[in-house]
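Would you be able to build a 3D model of this:
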Amino acid sequence: MLDKYCVPSSQQGLQHLLWLPQRLGLKANHVSVLGFGFGLFACGAIAASQPLIGLIGVLLNRLCDGLDG
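This next block holds a predicted model:
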């Protein structure tokens with residue numbers, strides 16, 4: 001619902017980070033799996049009553065989701 005407003009501005013910011021997966025030799029599928037792992041990590045941290053660590057996991061998950069296209 002809010003994607004049409006959020007995606008264009010976030011894509012501009014992510015353009016500056018595209019060099020990182022390319023330099024590491026990561027493909028889009030690798031970044032997707034890494035993002036999934038961060039999401040699972042966030043779930044575990046939140047379940048263990050560590051919301052700040054969980055938030056970091058969620059943010060890393062969203063970053064990977066934006067980088068994989």
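
where does Gln22 land in three-state SS?
Under DSSP: H, G, I helix; E, B strand; the rest coil, Gln22 falls in the helix class.

what's the distance between it and Ser32?
Taken as C-beta to C-beta, to the nearest Å, the spacing of Gln22 relative to Ser32 amounts to 15 Å. Placement of C-beta: from N, CA and C, glycine included.

And for Ala45?
Using C-beta to C-beta, one gets 20 Å for the distance from Ala45 to Ser32.

hmm, back to that, more neighbours: which of Gln22 and Ser32?
Just comparing Gln22 and Ser32: by other C-beta atoms under 10 Å the higher neighbour count belongs to Ser32, 16 against 9.

Relative to Arg23, how far out is the more buried one?
Separation of Ser32 from Arg23 (C-beta to C-beta): 18 Å.

which outside residues touch the helix or strand that contains Gly44?
With secondary structure defined by DSSP states H and E, Gly44 is part of helix 28-47. Surrounding helix 28-47, the residues in contact under the criterion C-beta atoms under 8 Å, 6 or more residues apart in numbering are 21, 26, 51, 53-58, 60-65, 67-69.

Just the residues you listed: which are in helices?
With helices defined by DSSP state H, the entries of the contacts of helix 28-47 inside them are 21, 51, 53-58, 60-65, 67.

Hmm, which of the residues you listed is lowest in pLDDT?
By predicted confidence, the ones in helices among the contacts of helix 28-47 are weakest at Pro21, whose pLDDT stands at 74.

residues in contact with it?
Pro21 sits next to Lys27, His30, Val31, Leu67 when contact means C-beta under 8 Å, 6+ apart.

Out of these, who's the most crowded?
Val31 (20 neighbours).

and the gap between the closest residue to that residue other than its chain neighbours and Leu26?
Leaving aside its chain neighbours, Val31 sits nearest to Asp68 (4.1 Å; criterion: C-beta to C-beta, 6 or more residues apart in numbering). Separation of Asp68 from Leu26 (C-beta to C-beta) stands at 9 Å.

Lovely, talk soon.
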